[in-house]
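> kindly return the folded structure for what I paste below:
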Amino acid sequence: MSIVATKDTRNAAWATDTTAFGRKMLAKMGWKGGDNGLGKNQQGTSTNLRAVRRAESLGIGAENDAFGDKGWQDTNAGFHGVLASLKR
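Now for the predicted structure:
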């Protein structure tokens, strides 16, 4: 599982519940809700964290590229960089 920060609408009713324990606790510490982030100057993240299942054989942080386009583009750009430096 990977943890990603995304806009998650699955728990909309739970997120807007003003009687929830976590919301009350955060409000006591100065959190105002909405798009304000966590932290002293509200500079932190304002999106929910969500666990996303990744493919069995992929490592942490790996992306599933079924067609290989990203890998090919990275390799091609690197190869052209090497060729350009050899021309000089």
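> could you use CA atoms for every contact and neighbour count after this?
Fine.
> what comes up buried for the helix or strand where residue 71 lies?
Assigning secondary structure by DSSP states H and E places residue 71 in helix 69-87. By neighbour count on 16 or more other Cα atoms under 10 Å, the buried set for helix 69-87 is empty.
> starting at the chain centroid, how far to that helix?
28 Å (Cα atoms, centre = their mean, to the nearest Å).
> may I have that helix as CSV, with CA atoms only?
Only the C-alpha atoms of helix 69-87 are listed here, as CSV (Å, rounded to 0.1, in the frame of the first residue of the first chain):
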residue,chain,number,x,y,z
ASP,A,69,6.0,5.3,-22.5
LYS,A,70,7.5,7.1,-19.5
GLY,A,71,10.4,4.7,-19.4
TRP,A,72,11.1,5.1,-23.1
GLN,A,73,10.8,8.9,-22.9
ASP,A,74,13.3,9.0,-19.9
THR,A,75,15.8,6.7,-21.7
ASN,A,76,15.5,8.6,-25.0
ALA,A,77,16.0,12.0,-23.2
GLY,A,78,19.1,10.6,-21.4
PHE,A,79,20.5,9.2,-24.6
HIS,A,80,20.1,12.5,-26.5
GLY,A,81,21.7,14.3,-23.6
VAL,A,82,24.8,12.0,-23.8
LEU,A,83,24.9,12.5,-27.6
ALA,A,84,24.7,16.3,-27.2
SER,A,85,27.6,16.3,-24.7
LEU,A,86,29.7,14.1,-27.1
LYS,A,87,29.2,16.6,-29.9
